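1. let's see this in three dimensions:
(one chain, ligands or ions: 1)
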Amino acid sequence: MKKREVYLDNAATTPVDAAVFKKMLPYFSEKYGNPSSVHKIGDQARQGVEKARQQVASFLNCLPDEIYFTAGATESDNWIINGIVDIFRKDNSDKPHLVTLVFEHKAILEPIRVLEKRGLIEVNFLPVSKDGLIEVKEVEKAIKKNTCLVSIMYANSEIGTVQPISQIGNLISQLNQKRKQRIVFHTDAVQAVNYLNCDVNNLNVDALSLSGHKIYGPKGIGALYLKKRTLITSLIRGGGHEKGKRSGTENVPGIVGLGEALNLVAKRKNDGTKIKKLRNKLITGILRDIPDSQLNGSLEYRLPSNANFSFKGVEGEGIIIALSEQGIYAATGSACASHSLKPSHVLTAIGLSDEQAHASVRFTLGRQTTESDINYILEVLPKVIKRLRLISGR
Ligand code: PLP
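-> Next up, the predicted model:
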């Protein structure tokens, strides 16, 4: 009999939706042209890219011209930081100042740290509450005369907490009316796209990063939305693709897949409600059946798909391995950081001790999750935790 498998690591990556895959396929072997070629085969590929740009723009409610395709959200995040800082340094003698959150994804934190170490920028890494949230007034207090970029993630990848992006956007656009140095407001919306409103006018953001593989599209493709007239230096120089900002022959099947993936997200408006019901069943069941377990982060301001727990006295990694043996796939810390022995910077930012952070497990539900999957975890997990606690003698 085939082993039962339950995939609950959708924040790490999602399977490519069959409808997305179908739309991508012709662009590998039939419509294989280079979008820059003037002939018919090139034109077919170009049409695929431009249709996808339209789909992304329609999802974000912006102009197609404001969309730049990248190789994923890590690239989009690095670009916005380096590109905005470069522009500021060209035009000003002051040091650029950035505002961000302590528990952003590493794709934001690492490029910022490099610039800070080189002495090129000043930064405020804003703390978050024990619920994993930031208040708008904290952002306001951090802003200085030389602030050029505020980057605040829409939803956290590890604990799923959702920040008040549109309120922060309104604040910044009001401040900008009176400022000489305009602040660019960026949000990393990678984890939010499946479930939250990403209309850039509603959010009042100047820039937004997203990624294909978190939304049932392919890996290695993403986009940066950049509001018209926002100055940024080019990310990669070469043949002048993407309006001269990001050269390199386009990843045509990936771009087509990203467009179609967003098209599907827009159609599947009820996913969040269904997934939240299952997620709540999981949370209630775990907190009821497993002593000394806690949910990390706010329940109210949280993605419908995310549940992150600490289980006293047990290593998260041990839990993941034991669950994997039973066909249940979850995560400890973020997948990108799972090679590291350091406790998750997200969990320590909300006040967990190193020990509690190491004892954490993240379950992220997806389109494919069923009630019987949740029943299966609720049957397996209490036994796994009990056994691991017995072994460790804690
Ligand atoms: N930002 C957030 C919030 C993420 O969750 C991730 C992926 O884990 C990334 C950025 C990086 O995205 P990509 O894998 O497309 O580079």
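2. wouldn't L60 be in contact with C198 here?
-> Yes. The pair L60 and C198 passes the contact test of C-beta atoms under 8 Å, sitting 5.7 Å apart. Yep, even glycine has a C-beta here, placed from its N, CA and C like the rest.
3. quick check: neighbours shared by those two?
-> L208 (C-beta atoms under 8 Å, 6 or more residues apart in numbering).
4. can you map out the strands along the stretch 251-394 of the chain?
-> For the stretch 251-394 of the chain, the strands defined by DSSP state E, counting those that start in this stretch cover 293-295, 306-311, 328-329, 360-364.
5. got the CA coordinates for stretch 142-152 in PDB?
-> Taking C-alpha atoms only, stretch 142-152 is exported to PDB below (Å, rounded to 0.1, in the frame of the first residue of the first chain):
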ATOM      1  CA  ALA A 142      12.100  55.800  13.100                       C
ATOM      2  CA  ILE A 143      11.900  58.000  10.000                       C
ATOM      3  CA  LYS A 144      14.600  60.600   9.500                       C
ATOM      4  CA  LYS A 145      15.500  63.400   7.100                       C
ATOM      5  CA  ASN A 146      17.800  61.000   5.200                       C
ATOM      6  CA  THR A 147      15.400  58.000   5.100                       C
ATOM      7  CA  CYS A 148      15.200  56.800   1.500                       C
ATOM      8  CA  LEU A 149      13.700  53.300   1.900                       C
ATOM      9  CA  VAL A 150      11.200  51.600   4.300                       C
ATOM     10  CA  SER A 151      10.900  47.900   3.700                       C
ATOM     11  CA  ILE A 152       8.300  46.000   5.700                       C
END
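6. how far away from the center of its chain is it?
-> In terms of C-alpha atoms, centre = their mean, to the nearest Å, the gap separating the centre of stretch 142-152 from the centre of its chain is 21 Å.
7. got the contact list for that stretch?
-> 77, 80-81, 84-85, 87-88, 92, 94-101, 104, 108, 122, 124, 126, 134, 139, 163, 165, 168, 172, 175, 181-188.
8. show me the contacts for the residue minimising distance to the centre of the chain.
-> The residue at the geometric middle of the chain, judged as the C-alpha nearest the mean C-alpha position with C-alpha atoms, centre = their mean, is V190 (2.7 Å). When contacts are counted by C-beta under 8 Å, 6+ apart, V190 is found next to A73, H105, M153, S157, S209, L210, S211, K214.
9. wait, the second one sits on M153?
-> It refers to H105. Yes. At 6.5 Å, H105 counts as touching M153 under the criterion of C-beta under 8 Å.
10. more neighbours, these two?
-> With neighbours defined as other C-beta atoms under 10 Å, H105 and M153 compare such that M153 has more, 27 against 24.
11. next up, the contacts around that one.
-> Taking C-beta under 8 Å, 6+ apart, one finds L101, E104, H105, I108, Q163, T187, D188, A189, V190, Q191 in contact with M153.
12. returning to that earlier point: please report how far the residue nearest to the centre of the chain lies from the ligand.
-> Computed as C-beta to the nearest ligand atom, to the nearest Å, the V190 to the ligand distance reads 4 Å.
13. before we move on, back to that, let's have the contacts of M153 in TSV, adding secondary structure.
-> As requested, the contacts of M153 are exported to TSV (DSSP: H, G, I helix; E, B strand; the rest coil):
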residue	secondary structure
L101	strand
E104	coil
H105	coil
I108	helix
Q163	coil
T187	strand
D188	strand
A189	coil
V190	coil
Q191	coil
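14. thinking again about what came up before, mind listing the shared neighbours of H105 and M153?
-> The overlap between the contact sets of H105 and M153 (C-beta under 8 Å, 6+ apart) consists of D188, V190.
15. measure the residue lying closest to G244 once chain neighbours are set aside to N176 for me?
-> In this structure, G244 finds its nearest non-sequential neighbour in S234, 6.2 Å apart by C-beta to C-beta, 6 or more residues apart in numbering. From S234 over to N176 the distance is 24 Å, taken as C-beta to C-beta, to the nearest Å.
16. and for I215?
-> Between I215 and N176 the distance is 30 Å, computed by C-beta to C-beta.
17. over to V252?
-> Looking at V252 against N176, where the rule is C-beta to C-beta, the gap reads 37 Å.
18. who has more neighbours, the two?
-> With neighbours defined as other C-beta under 10 Å, V252 and N176 compare such that V252 has more, 24 against 14.
19. can you give me the distance of that one to the ligand?
-> Summarising the geometry, the distance separating V252 from the ligand, computed by C-beta to the nearest ligand atom, is 18 Å.
20. surely that residue touches A45?
-> Yes. V252 is in contact with A45 according to C-beta under 8 Å; the separation is 5.0 Å.
21. what sits in contact with each of these two?
-> Overlap of the contact sets of V252 and A45 (by C-beta under 8 Å, 6+ apart) consists of Y27, K31, P35.
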